[in-house]
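Novice: The amino acid sequence is not available; the structure is as follows:
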């Protein structure tokens, strides 16, 4: 394990440069890798530029860009001089970007060329400089004394402390307006160090980055952690279409990937399951456990080849993994692992490695982190998950009252998630406390569990269970294209036929659901939802957009 003198990001980088100087650190898939000494040199030159722009310790500097090597070097430059990085999700709207820049009082922003138009509506008084992240050129400023120069070094020596604020992370969230999560250097570095105990990483490992670096999940575990261990992180320069991704897998042959459930669930439903269910004979064989396990094992080997053939760790986090998909991964002996955490905990607080899988579990508490179930139900043992440890945030930026609601005086963080521990101390997540629907007789109904059943049904892409007028309703986004292709030879109007088919499937789906859930979780209606649901960076549906006050958004 890495032994650092201080739990700070500059100390982490200095150690990696010393230990892995000539090893590749970051690279585009089709580019030349940047080795650790070059990475550090660029960090120093960006720091020099920021100095000349008047950026001082404690100032906020934002990054608005897709994943690329320059993103990471910019990140380390900002935090290494005691300034605070404010990463913005590329999917943020212009209005969200304007609000976060104002709220954070960002002094400068590094922005990619493609996202520059999103800054046109911003009017923050604090924002003085815009820098194009691809080449570090100043936008709208021709002063040569301020220009980026690879040969220049910072003039000052910076003493960054463990408890200094490193980042303010604005999350789009699933329950409402964005909040600025304040993470210290210790929060991030501690979490990276302890996460490394779940999976050993060495300097020959190759990460393929597919999730946004501006999200804490990818940032800490998919960037800070591999750089701490001397590994190399590869980035995709194009829009990650299926073809682009498959090409990336074959070129990089990654040993580690971080994903969200939606990715592997989509692969399972569109590639794996149809191969076993379309033909009658195969469907009969797959229905028998002995043949299913054999077929799943064969599919697992094929899937590994699709990912480049050298994958040893397929991390899944951000949301609960579908039960049927996880059963497949277990039987396929696919090297998956699961982690649980939140932005407020930098992020990981529980997880399990490839050899420790437990069906539908979130794993055991991360070393050095305390977890407990607060006020557990006397019968079920379920209650809110509380966490305590060096990775728990400092609070919400400029929101002391909101901070008090989630952080207790003695340091416990109220996650807002409901869970339970099993006999082996594995944590199992039931759902968000804010999402729980109270039944007519006071029963707790977890919509996520019903959705897990729905999402296994034919033609279903995704679903959302909500309460309407005291009844449970399933909003279901069906794969209309799939239905059109399947019935392409019909003579009647395709659109009319699809609508009629969806109604029939809806009736069938309702019966399917109600046969598989308890009586108080039964659905009273299935409503087709034409468009894809709006999601967060980790592909969780923004539920607050689909409550009863927003019915017009549903159909």
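Specialist: Cool, the structure landed. Model, not experiment: these values are computed from the prediction. Numbers count the residues shown, from 1 in each chain.
Novice: what about the strands in the stretch 351-500 of the chain?
Specialist: Remark: strands assigned in the stretch 351-500 of the chain by DSSP state E, counting those that start in this stretch are 364-365, 370-374, 383-388, 395-396, 413-421, 427-432, 437-438, 444-445, 460-468, 471-478.
Novice: how near is the residue nearest to residue 260 when sequence neighbours are not counted to residue 347?
Specialist: Leaving aside its chain neighbours, residue 260 sits nearest to residue 318 (4.1 Å; criterion: Cβ to Cβ, 6 or more residues apart in numbering). Yep, even glycine has a C-beta here, placed from its N, CA and C like the rest. Going from residue 318 to residue 347 by Cβ to Cβ, to the nearest Å gives 9 Å.
Novice: The two: which has the busier surroundings?
Specialist: Set side by side, residue 318 and residue 347 show more neighbours around residue 347, with 28 against 25, by other Cβ atoms under 10 Å.
Novice: pLDDT wise, what is that one at?
Specialist: On pLDDT, residue 347 comes in at 96.
Novice: Likewise for the one 4 residues further on?
Specialist: With respect to pLDDT, residue 351 has a value of 97.
Novice: Quick check, it in contact with residue 345.
Specialist: No - taking contacts as Cβ atoms under 8 Å, residue 351 lies outside contact range of residue 345: 11.8 Å.
Novice: related to what we said a few turns ago, give me the distance between the residue nearest to residue 260 and residue 76.
Specialist: 24 Å.
Novice: Pop the domain breakdown of the protein in here.
Specialist: 9-204+228-235, 256-309+311-389+411-432, 445-553 (automatic domain parsing).
Novice: Compute the first-to-last residue distance for the longest one.
Specialist: Read that as domain 9-204+228-235. Distance across domain 9-204+228-235, first residue to last, is 21 Å (Cα to Cα, to the nearest Å).
Novice: same deal with stretch 453-467?
Specialist: Using Cα to Cα, one end of stretch 453-467 lies 17 Å from the other.
Novice: quick one: residue 27 from residue 136, how far?
Specialist: Distance from residue 27 to residue 136, by Cβ to Cβ: 18 Å.
Novice: Quick one: low-confidence residue ranges for the stretch 101-250 of the chain.
Specialist: 121-123, 172-178 (pLDDT under 70).
Novice: What are the boundaries of the helices in it?
Specialist: Shown for the stretch 101-250 of the chain, the helices assigned by DSSP state H, counting those that start in this stretch span residues 185-195, 216, 225-229, 242-252.
Novice: Strands of the stretch 51-200 of the chain, residue ranges please.
Specialist: 60-64, 84-88, 108-111, 129-132, 137-138, 165-171, 179-184.
Novice: Turn the ones you listed into a markdown table, including distance to residue 356 and mean neighbour count.
Specialist: Converted to a markdown table, the strands of the stretch 51-200 of the chain look like this (distance: least, Cβ to Cβ, whole Å; neighbours: other Cβ atoms under 10 Å):
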| stretch | distance to residue 356 | mean neighbour count |
| --- | --- | --- |
| strand 60-64 | 35 | 26 |
| strand 84-88 | 31 | 25 |
| strand 108-111 | 39 | 25 |
| strand 129-132 | 44 | 20 |
| strand 137-138 | 48 | 16 |
| strand 165-171 | 29 | 25 |
| strand 179-184 | 27 | 23 |
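Novice: Residue 265 is nearest to which of the ones you listed?
Specialist: Among the strands of the stretch 51-200 of the chain, the nearest to residue 265 by Cβ to Cβ is strand 165-171 (22.3 Å).
Novice: The closest one - contacts with which helices or strands?
Specialist: strand 84-88, helix 94-104, strand 179-184, helix 185-195 (3 or more Cβ pairs under 8 Å, 6 or more residues apart in numbering; DSSP states H and E).
Novice: would you list the ones you listed in JSON lines and tack on distance to residue 452?
Specialist: Shown next, in JSON lines, are the helices and strands packed on strand 165-171 (distance: least, Cβ to Cβ, whole Å):
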{"stretch": "strand 84-88", "distance to residue 452": "31"}
{"stretch": "helix 94-104", "distance to residue 452": "30"}
{"stretch": "strand 179-184", "distance to residue 452": "28"}
{"stretch": "helix 185-195", "distance to residue 452": "26"}
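Novice: correct me, but residue 87 touches residue 63?
Specialist: Yes - at 5.0 Å, residue 87 and residue 63 qualify as touching, with contact defined as Cβ under 8 Å.
Novice: intersection of neighbour lists for those two?
Specialist: Contact criterion Cβ atoms under 8 Å, 6 or more residues apart in numbering; residues bridging residue 87 and residue 63 by contacting each: 75, 214.
Novice: just the strands in the stretch 201-350 of the chain please.
Specialist: Using DSSP E, counting those that start in this stretch, strands in the stretch 201-350 of the chain cover 206-209, 232-235, 256-259, 313-316, 336-341, 348-352.
Novice: With distance to residue 480 and mean neighbour count added, can I get the ones you listed in a markdown table?
Specialist: Output for the strands of the stretch 201-350 of the chain, formatted as a markdown table (distance: least, Cβ to Cβ, whole Å; neighbours: other Cβ under 10 Å):
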| stretch | distance to residue 480 | mean neighbour count |
| --- | --- | --- |
| strand 206-209 | 31 | 24 |
| strand 232-235 | 33 | 24 |
| strand 256-259 | 26 | 24 |
| strand 313-316 | 28 | 23 |
| strand 336-341 | 30 | 25 |
| strand 348-352 | 37 | 25 |
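Novice: helices and strands around the lowest-mean-pLDDT helix or strand in the chain, which ones?
Specialist: Taking mean pLDDT, DSSP states H and E as the measure, the chain has helix 480-486 as its least confident helix or strand, at a mean of 78. Packing contacts for helix 480-486, counted by 3+ Cβ pairs under 8 Å, 6+ apart, involve helix 494-514.
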